[in-house]
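Asks: Any chance you can model this:
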Amino acid sequence: MVDSFPRTLAYLRKDKKISQKEAAASLGISQALLSHYENGLREPGLEFAVKAAAYYGVTTDYLLGITNEKEPAPTIRDDSAGAKMIHGDARFDAFQRVVAKTGNRRLAQLCEELMSLTLYRLFLLLPDNGEEKLRGERALICEAEEKRREAELFTLFRDKLLSTSLFEMLEEDGKPFTNWVRGFESKLYKSNKE
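Replies: Residues are numbered from 1 along each chain as shown. Okay, the predicted model is just below:
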C-alpha cells in the first residue's frame, strides 16, 4: 500500500468534518480498524479502498497517493444522446464520436487537454491591461505544450493503439472529415520532422 494512504484517508475524513465513529459505521468497519488504517498500523484490502474512495467522492488513485486529482480524468462525451461540446461544428462532432467509440482513455484525455489549451490560447488574444510581454511568453509556452500533445496524439493514431479501425469510422462520418484528418496528420508529420 502506498505510504500516503493513511494520511489521505485521515485528511478526507477530517476535511468532511466526520468523526472516526461515523466514518467507520458508514464504511462497515469498526472504529478501531479505521484508526489502524489512518495511523498506518494496518493495510486495507482493495475492497475497502474502493469503498472509501466512493464514500469520500474521490478516485482510488487519489486515495492511494498515485495522483493529486480528486476527480477522475475528463473524457469526451459521446454525442449520441445529443450532448455536444461544440455545437454546429460537424467535424468536431464526428471526431468526438470517433474518440468515444475507441474507449481509449488516454486519447480522450489528450483531446480534452488540447481543447483546454486552445481555449487558453483564445484567452491570450483578449485585450490585456499592459501585460503584453507576459502574454507573449505564456503563448509560446502554450504553443510548445500544444505541439507536444498534438505529437503524442498523432503517435497514438500512428501506432494504432486505438481499439477499432479509425479510418473505417471516419468513412462513416463523411469525406470532409477524412480529408481534414489527413491534413492534420500531414501537418503533424511535417512539424515532427523539423
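
Asks: Give me the below-cutoff pLDDT ranges for the chain.
Replies: Scanning the chain for pLDDT under 70 picks out 1-2, 69, 71-96, 116-142, 144, 153-194.

Asks: let's see 80
Replies: Within the chain, the stretches with pLDDT under 80 are 1-3, 66-194.

Asks: domain ranges for the protein?
Replies: As given by automatic domain parsing, the domain ranges for the chain are 4-63, 79-193.

Asks: distance between the ends of the shortest one?
Replies: To tie it back to what came earlier, the one meant is domain 4-63. 8 Å (C-alpha to C-alpha, to the nearest Å).

Asks: so who does residue 13 touch?
Replies: 20, 23, 38, 56 (C-beta atoms under 8 Å, 6 or more residues apart in numbering). In this view, the C-beta of every residue, glycine as well, is placed from N, C-alpha and C.

Asks: Could I get those in TSV, plus columns for secondary structure and distance to residue 143?
Replies: Shown next, in TSV, are those (DSSP: H, G, I helix; E, B strand; the rest coil; distance: C-beta to C-beta, whole Å):
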residue	secondary structure	distance to residue 143
20	helix	50
23	helix	47
38	helix	45
56	helix	38
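
Asks: just these now: which is nearest residue 115?
Replies: Distances from residue 115 to the contacts of residue 13, taken as C-beta to C-beta, are shortest for residue 56 (28.7 Å).

Asks: Remind me which helix or strand the closest residue to the closest one other than its chain neighbours belongs to.
Replies: Distances taken as C-beta to C-beta, 6 or more residues apart in numbering place residue 12 nearest to residue 56, at 4.3 Å, with adjacent residues excluded. Using DSSP states H and E, residue 12 sits within helix 4-15.
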